[in-house]
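# sequence first, then the predicted structure, then my questions.
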Amino acid sequence: MQKWIFLFVALLVLVCLVAGPCSRNAGPARGSSSIQWVQGGNLHKATIAEWKNASYQNKLATAADWLAATKWKGHLTSPDDFDRLKSKAQMLANGVDKVTAELPGEYCQAHKIAALLLTMSNDLGP
């Protein structure tokens with residue numbers, strides 16, 4: 001059963017990467033000089049159901065945390081870097097939204113979907 005779930009998620013991830021970022025729930029526009037948007041993310045260990053029910057701001061801040069701890073580690077040195085991070089965090093949050101839209105939410109955690117997206121994507125880095 002887990003093998004089929006993994007294959008299904010992998011297929012959804014590939015579709016998500018080919019389709020590009022989702023335009024719905026696009027969130028605030030890029031270019032904001034404030035970095036308050038990175039605060040308040042608490043979905044690091046959320047189930048898919050918790051992810052689906054969270055606010056976009058919470059998803060965005062959590063996605064930024066995931067990126068800052070991985071592909072962006074050591075690359076956040078200026079306000080422009082945070083603007084670019086915001087764009088990539090929007091892509092990641094929207095990608096997790098796309099993948100989790102078709103999955104049951106009781107058992108799997110959203111960070112596992114995000115990890116797959118981070119691993120398979122070449123355009124979420126600095």
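Sure thing, it's come through.

# can you get me a residue count around Glu50?
Summarising burial for Glu50: neighbours were counted as other C-beta atoms under 10 Å, giving 15. For the C-beta atoms, the positions are set from N, CA and C on the backbone; glycine is no exception.

# need the three-state assignment for the nearest residue to it once chain neighbours are set aside.
Leaving aside its sequence neighbours, Glu50 sits nearest to Leu43 (C-beta to C-beta, 6 or more residues apart in numbering; 6.6 Å). When the structure is reduced to helix, strand and coil (DSSP: H, G, I helix; E, B strand; the rest coil), Leu43 reads as coil.

# also Val99?
Counting by three-state DSSP, the backbone at Val99 sits in helix.

# go on, the one 4 residues further on?
Taken by three-state DSSP, the conformation at Leu103 corresponds to coil.

# can you tell me the closest non-neighbouring residue to it?
The shortest distance from Leu103 to any residue that is not its chain neighbour, by C-beta to C-beta, 6+ apart, is 5.4 Å, and that residue is Ile48.

# tell me where the model's unsure across this protein.
Counting by pLDDT under 70, the ranges of the chain that qualify are 1-33.
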